[in-house]
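1. Okay, predicted coordinates and the sequence, questions at the end:
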Amino acid sequence: MELDNPVRDEAKRIKESPRREKIDSTNVCKKHQVFNVVETIANEKVLDVMSRMDLCTCEQCICDVLALALNSLPPKYVTSHAGKQYIQLEAYKKQLETDVAFALMKACMTVKDTPNHEE
Ligand SMILES: [Zn+2]
């Protein structure tokens, strides 16, 4: 005597996760580079802010200030396509620059208090 057991049969079905084709990341964004405009502004300003705050400008301190500041700011990605988007940014670039400068100053104070560089 054999009993049909639909519940057990159902349990036997194993759901396999669908195979995902690997995305070839080397083909992404070759034509149009994507960059974080916040990072660009921070790179432009970091030395200026550091010297105004009388901070050591060794490589270690610059990297520390940049890393601290960039971690505290939301990134803003744009494409480099003919610089078009960057020009469109002009409208609120002033605000971005203010935010970045403020974040850099805060980062400078932290690095000044607890520098990572060697004597
Ligand atoms: Zn230093």
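-> Here it is on my side, so go on. Owing to the predicted nature of the structure, the values given are computational and were not obtained by experimental measurement. Residues are numbered from 1 along each chain as shown.

2. Regarding Asn116, what is its secondary structure?
-> Recorded secondary structure, Asn116: coil (DSSP: H, G, I helix; E, B strand; the rest coil).

3. Tell me how many other residues surround it.
-> Residues near Asn116, counting by other Cβ atoms under 10 Å, number 10. Quick note: C-beta positions are derived from backbone N, CA and C, even for glycine.

4. give the contact list for it.
-> Gln60, Cys61, Asp64 (Cβ atoms under 8 Å, 6 or more residues apart in numbering).

5. quick one: what helix or strand has the residue nearest to the last one when sequence neighbours are not counted in it?
-> Spatial nearest neighbour of Asp64, chain neighbours left out: Val111 (4.8 Å); criterion: Cβ to Cβ, 6 or more residues apart in numbering. Element membership of Val111 [criterion: DSSP states H and E] is helix 84-113.

6. Quick check, Val78 in contact with Val38.
-> No: with contact defined as Cβ atoms under 8 Å, Val78 does not count as touching Val38 (9.9 Å).

7. ok, now which ones touch Gln60?
-> Going by Cβ under 8 Å, 6+ apart, Gln60 touches Pro115, Asn116, His117, Glu118.

8. so which of those also contact the ion?
-> Filtering these for proximity to the ion by Cβ under 5 Å from the ion leaves His117.

9. Of the contacts of Gln60, which is the most crowded?
-> Most surrounded of the contacts of Gln60: other Cβ under 10 Å gives Pro115, at 15 neighbours.

10. can you give me phi and psi for that residue?
-> Dihedral pair for Pro115: phi -70, psi 150, per degrees, to the nearest 10.

11. Find me the pLDDT at it, would you?
-> Predicted confidence (pLDDT) for Pro115: 95.

12. give me every residue that touches it.
-> Taking Cβ under 8 Å, 6+ apart, we find Pro115 in contact with Cys56, Gln60, Cys61, Asp64.
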